[in-house]
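Colleague: model the following, please.
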Amino acid sequence: MHEATDSKFHPQLYDYIVVGGGTAGCPLAATLSQKFRVLLLERGGSPLIKAGVTPDNGASYDFQVGTQTGGTIFDDQGTRRPASNLLVYANPRNLDILLHAQVELILFRGTPGSPQLLLLSGVGPANQLTAMGIKVVYNLPGVGKQVSDNPAALVNIVSPSPVESALAQVVGITAPFGNFIEAACGVAVTGVPGARAGNIIEKVAGPLSSGTLVLQSKHVRDNPLVTFNYFQHPRDLQACIAGVNTIEEVILANSFRPFVYDNQTLPSGGTVGAPNRRNPAFAATINTTIANYCREHLTTIWHYHGGCLVNRLWTRTIEFWELKDSEWWMALRSNTRREQFRKLRF
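Modeller: The predicted structure is shown next:
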């Protein structure tokens, strides 16, 4: 671990340069370092069981079925477990870390930024680019395709008992769909002295529904038009139904009763004091009611992804990018021969 001002570090010494030592950068750098030379640039300095979501996995960075404590929170001793802890899994011989690094330009911008930037640069479906008046640099039909988001549904709860203000600290990962069940709490309720509100949310993991991203203009500051097609694939709706069923079981668990009023409504109908899911007369319609709830209360926690997927998009691999005279030069590698440089102006 070194300061970024150390002049002995040069980009050409590394197979990969990872920008940002956060929850994505640290595990990526650690994984790549097993086989490649990696430079990690960091701007900063050194840094549900009662409902049947079992087993209790404790604190873990591995996503697995059961209940677990997140990796980036404070433990019982007040010690924070940051994402940088994941670097203990890195190969130290292949990883260098520069602190207080400043980067002038970051090319890759996640979803939707990365596919948008490629399209604006002339890399994407030729027919769309031509229609927008953008010069086609490289016809790559996969850009802007297979854009997905994890559909989520939540239940708002008013608690009669005091609760601390907290974001998600514990996650339950359910079988068989792998839904994530999380909660946040501590918001004051207007007009109800002493009461606090929170919510329990389920997120569909690995959605099979996907959509598209297209440009609305040639200006980088104009947001692209994104269509996620939530619940287009029936499995995603089934997963949401399963997740909301789990939330209801959490709310109805005896250990949760101090934190919920009897007149709290439930997605499947009825209240905590008289839940439809405990009434045999509603057994046949519970999942249909919850399916409608998933559609009507669809929300997101902004984990969208796709639009330029590795192994589905690139038939040739980008070998490196280099800034020359205010232009980006891209070298493409195809099998064993290097192709001509392609020039992208920003």
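
Colleague: secondary structure element for Q146?
Modeller: Using DSSP states H and E, Q146 sits within strand 145-148.

Colleague: strands paired with that strand, and their directions?
Modeller: strand 211-214 (antiparallel), strand 305-307 (antiparallel) (DSSP bridges).

Colleague: deepest-packed of those, please.
Modeller: Of those, the one with the most neighbours on average (mean count of other Cβ atoms under 10 Å) is strand 305-307, at a mean of 23. Glycine gets a C-beta too; all of them are placed from N, C-alpha and C.

Colleague: ok, and what's touching it?
Modeller: Applying Cβ atoms under 8 Å, 6 or more residues apart in numbering, the contact partners of strand 305-307 are 111-112, 114-115, 143-149, 210, 213.

Colleague: what is the nearest of those to G194?
Modeller: D149 (36.9 Å; Cβ to Cβ).

Colleague: gap between the helix or strand hosting L117 and the chain center?
Modeller: Using DSSP H and E, L117 sits in helix 110-120. Offset of helix 110-120 from its chain centre (Cα atoms, centre = their mean, to the nearest Å): 17 Å.

Colleague: and it, what does it pack onto?
Modeller: If you count contacts as 3 or more Cβ pairs under 8 Å, 6 or more residues apart in numbering; DSSP states H and E, helix 110-120 packs onto strand 145-148, strand 211-214, strand 305-307.

Colleague: redo these as a markdown table? Include mean pLDDT and distance to N199.
Modeller: Shown next, in a markdown table, are those (pLDDT from 0 to 100; distance: least, Cβ to Cβ, whole Å):
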| stretch | mean pLDDT | distance to N199 |
| --- | --- | --- |
| strand 145-148 | 94 | 23 |
| strand 211-214 | 96 | 26 |
| strand 305-307 | 90 | 23 |
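
Colleague: between those, which one is closest to A101.
Modeller: Nearest to A101, of all those, is strand 305-307, at 25.7 Å by Cβ to Cβ.

Colleague: and that closest one, how far out from the chain middle?
Modeller: Distance, centroid of strand 305-307 to centroid of chain: 11 Å (Cα atoms, centre = their mean).

Colleague: same check on stretch 26-42?
Modeller: With Cα atoms, centre = their mean, you get 20 Å for stretch 26-42.

Colleague: need the helix or strand of the chain with the lowest average pLDDT.
Modeller: Every helix and strand in the chain was compared by mean pLDDT, DSSP states H and E; the lowest is strand 337-338, with a mean of 35.

Colleague: that older thread, possible to save the contacts of strand 305-307 as TSV with distance to T174?
Modeller: Converted to TSV, the contacts of strand 305-307 look like this (distance: Cβ to Cβ, whole Å):
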residue	distance to T174
T111	25
P112	29
S114	31
P115	31
V143	34
G144	32
K145	30
Q146	25
V147	25
S148	20
D149	19
S210	23
L213	30
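
Colleague: what's next to the helix holding L117, contact-wise?
Modeller: Residues contacting helix 110-120 (Cβ under 8 Å, 6+ apart): 107-109, 124, 128-129, 132, 134, 140, 143-144, 147, 213-215, 218, 220, 223-224, 226, 304-308.

Colleague: and the buried ones among those residues, selectable in ChimeraX?
Modeller: In ChimeraX syntax, the buried subset of these is picked out as below (16 or more other Cβ atoms under 10 Å):
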select :107,124,128,129,134,140,143,144,147,213,214,215,224,226,304,306,307,308
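
Colleague: any idea how far T271 is from the residue in the chain sticking out farthest from the centre?
Modeller: Ranked by distance from the centre of the chain (Cα atoms, centre = their mean), the top residue is A281, with 39.3 Å. A281 sits at a distance of 15 Å from T271 (criterion: Cβ to Cβ, to the nearest Å).

Colleague: does N287 count as helix, strand or coil?
Modeller: Counting by DSSP: H, G, I helix; E, B strand; the rest coil, the backbone at N287 sits in helix.

Colleague: wait, I meant C26
Modeller: Three-state assignment for C26 (three-state DSSP): helix.

Colleague: quick one on the thing from earlier: identify the farthest-apart pair in the contacts of strand 305-307.
Modeller: Greatest spacing in these, by Cβ to Cβ: V143 and D149 (17.8 Å).

Colleague: just to revisit the earlier point, list the buried residues in the helix holding L117.
Modeller: For helix 110-120, using 16+ other Cβ under 10 Å, the buried residues are T111, P112, G113, S114, P115, Q116, L117, L118, L119, L120.

Colleague: looking at it now, give me its mean pLDDT.
Modeller: Helix 110-120 shows a mean pLDDT of 87.

Colleague: ok, then the element right after that helix?
Modeller: strand 123-124.

Colleague: which elements pack onto that following strand?
Modeller: By 3+ Cβ pairs under 8 Å, 6+ apart, strand 123-124 packs against no helix or strand.
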